[in-house]
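> Below is the sequence, then the predicted model.
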Amino acid sequence: MKSLTHYLWFNTKQRQEIIDITDEVTTQVAKSGVQEGLALVSAMHISASVFVNDHESGLWRDILEWLEGTIAPWDPKRYRHNDTGEDNAAAHLRSLTVGHEVIVPITQGKLDVGPWQRVFYGEWDGQRKKRVIIKVLGE
Amino acid sequence: MKSLTHYLWFNTKQRQEIIDITDEVTTQVAKSGVQEGLALVSAMHISASVFVNDHESGLWRDILEWLEGTIAPWDPKRYRHNDTGEDNAAAHLRSLTVGHEVIVPITQGKLDVGPWQRVFYGEWDGQRKKRVIIKVLGE
Amino acid sequence: MKSLTHYLWFNTKQRQEIIDITDEVTTQVAKSGVQEGLALVSAMHISASVFVNDHESGLWRDILEWLEGTIAPWDPKRYRHNDTGEDNAAAHLRSLTVGHEVIVPITQGKLDVGPWQRVFYGEWDGQRKKRVIIKVLGE
């Protein structure tokens, strides 16, 4: 079995931000030499997500507004976690909803994804250094 | 390492529909000859889901009503993504919430799932050709 | 390829409960001897979750209140699934939202997670025997 481990670092300008990381995943899959296998792409923080969706800026705005308006409003007073001095409980709930990792299949040496599928890092509490692991496994 | 890749095609009659694909996954696991490993089952579209839950038609209705009533109402006017000419932003948000893939463990050549666990394709924007990948990996 | 399969059993005192299972996952990864690979940690029931988040009791309260207040209120009368005699449709919807499994990367023989990441079992309909599978795969 072949394996490759690579870390991506982020320090976003906005506190919430969506970043397309498909090219980085593609690069690591090529470097790994894996022909048949998978790439695990996983946020190493509990206030961020990795997800697969569409490269379309209107949708990214929809996602950010939906997380604020429907899933988990930021308002720090709502949450007990914030009694610890944090104000980011909402970011945790957003990470739980969208998920923190994806598994991308690799077939014949390439990401085996649909025509519109791209891999994204979803930063829900940024403006500081955070990390994603790409782990490629297969043969 | 053994690997097997298989694609399922769908063209649903309803725009939203839930389809039990456990038998197809079981068949591919048997074909693969994998005794210990995993099956990745992943929607290749950004407006669909793959999930594990219960084969019970009342629950499927609950899921569809919950996606419409609580998670992301279809109403195209709510979303900026739909300024592109699409009307399916809600389907993207539903895919993000429920997820687009599952990993099913394989033990002694069989899906190692609980008594009520079944694998489903969740179509959130159908009535056109769409695809799911089954990737079996292991030994 | 090495593989190890282990089952955790739960019978929670509360109907909803969040339990840190990181130590059990760490133990199984060490036993497996896998240096590079992954650990699949997956609930074997359709009314429970496995997720990665923060070991902080205020946040656990936030999660339980958010599942009840925002995601899927328990109220059995809302759901058709409960016409079958069940009262736990909400637990199914909570499992769909938070997810039922995680994949944890293993690097140099250890869980390759961020400083605050812990693995949790989320019981959404307990007070009875339920199970989680830990499947370690790699080399």
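In hand now; what should we look at? Only a predicted model underlies this, so the values are computations on that prediction, with no experimental measurement involved.
> Please list the residues of chain A that sit near chain B.
A:1, A:36-38, A:51-54, A:56, A:58-59, A:61-63, A:66, A:70, A:97-99, A:102-103, A:105, A:107, A:112-114, A:116-117, A:138-139 (CB under 8 Å from any CB of the partner chain). Any C-beta I mention is one placed from the backbone N, CA and C, and that applies to glycine too.
> Select only the buried ones of these in PyMOL?
Selecting only the buried members of the residues of chain A next to chain B in PyMOL, with burial defined as 16 or more other CB atoms under 10 Å in any protein chain shown, works like this:
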select buried, chain A and resi 1+36+37+38+51+52+53+54+56+58+59+62+63+66+70+97+98+99+102+103+105+107+112+113+114+117+138
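> In strands, which of the residues of chain A next to chain B appear?
The members of those that map onto strands under DSSP state E are A:37-38, A:51-53, A:102-103, A:105, A:107, A:138.
> mind putting those residues in JSON lines, distance to C:Trp124 included?
Below are those laid out as JSON lines (distance: CB to CB, whole Å):
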{"residue": "A:Gly37", "distance to C:Trp124": "33"}
{"residue": "A:Leu38", "distance to C:Trp124": "28"}
{"residue": "A:Phe51", "distance to C:Trp124": "23"}
{"residue": "A:Val52", "distance to C:Trp124": "25"}
{"residue": "A:Asn53", "distance to C:Trp124": "26"}
{"residue": "A:Val102", "distance to C:Trp124": "23"}
{"residue": "A:Ile103", "distance to C:Trp124": "24"}
{"residue": "A:Pro105", "distance to C:Trp124": "30"}
{"residue": "A:Thr107", "distance to C:Trp124": "36"}
{"residue": "A:Gly138", "distance to C:Trp124": "34"}
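> And the helices in chain A, which stretches?
Counting by DSSP state H, the segments of chain A that form helices are A:22-32, A:57-66, A:89-98.
> Burial-wise, tell me which of those helices comes out on top.
Ranked by mean neighbour count, these are led by helix A:89-98 with a mean of 26 (mean count of other CB atoms under 10 Å in any protein chain shown).
> between the helices of chain A, which one is nearest to B:Pro76?
The closest of the helices of chain A to B:Pro76 is helix A:57-66. By CB to CB, the value is 11.2 Å.
> Quick one: work out the angle between the closest one and helix A:89-98.
Here helix A:57-66 points in a direction 120 degrees away from that of helix A:89-98 (axes from the mean of the first three to the mean of the last three CA atoms, to 10 degrees).
> Is helix A:57-66 positioned near chain C?
No: interface with chain C: helix A:57-66 contributes nothing (CB under 8 Å from any CB), its closest point being 12.5 Å away.
> cool, stretch A:45-56 as well?
Yes: Stretch A:45-56 lies within reach of chain C by CB under 8 Å from any CB, at A:45-46.
> about what we covered before: mind putting the helices of chain A in CSV, distance to B:Glu123 and mean pLDDT included?
Shown next, in CSV, are these (distance: least, CB to CB, whole Å; pLDDT from 0 to 100):
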stretch, distance to B:Glu123, mean pLDDT
helix A:22-32, 24, 98
helix A:57-66, 19, 98
helix A:89-98, 20, 98
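> export these to a markdown table and tack on distance to C:Asn82?
A markdown table is the format used below for the helices of chain A (distance: least, CB to CB, whole Å):
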| stretch | distance to C:Asn82 |
| --- | --- |
| helix A:22-32 | 42 |
| helix A:57-66 | 28 |
| helix A:89-98 | 24 |
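> what's the closest of these to B:Phe10?
Closest to B:Phe10 of the helices of chain A is helix A:57-66 (CB to CB; 22.4 Å).
> what's the pLDDT at the residue in chain A positioned nearest to chain C?
Of all residues in chain A, the one sitting closest to chain C is A:Met44 (3.3 Å; CB to the nearest CB). Note on A:Met44: pLDDT of 98.
> can you check A:Ala48 too?
A:Ala48 is assigned 98 on the pLDDT scale.
> same question, A:Leu40
At A:Leu40, the pLDDT recorded in the model is 98.
> how deep is it tucked in, by neighbour count?
Per other CB atoms under 10 Å in any protein chain shown, the neighbour tally for A:Leu40 reads 21.
> Nearest spatial neighbour of it, chain-adjacent residues omitted?
Nearest residue to A:Leu40 in three dimensions, chain neighbours excluded: A:Lys135, at 4.4 Å (CB to CB, 6 or more residues apart in numbering or on different chains).
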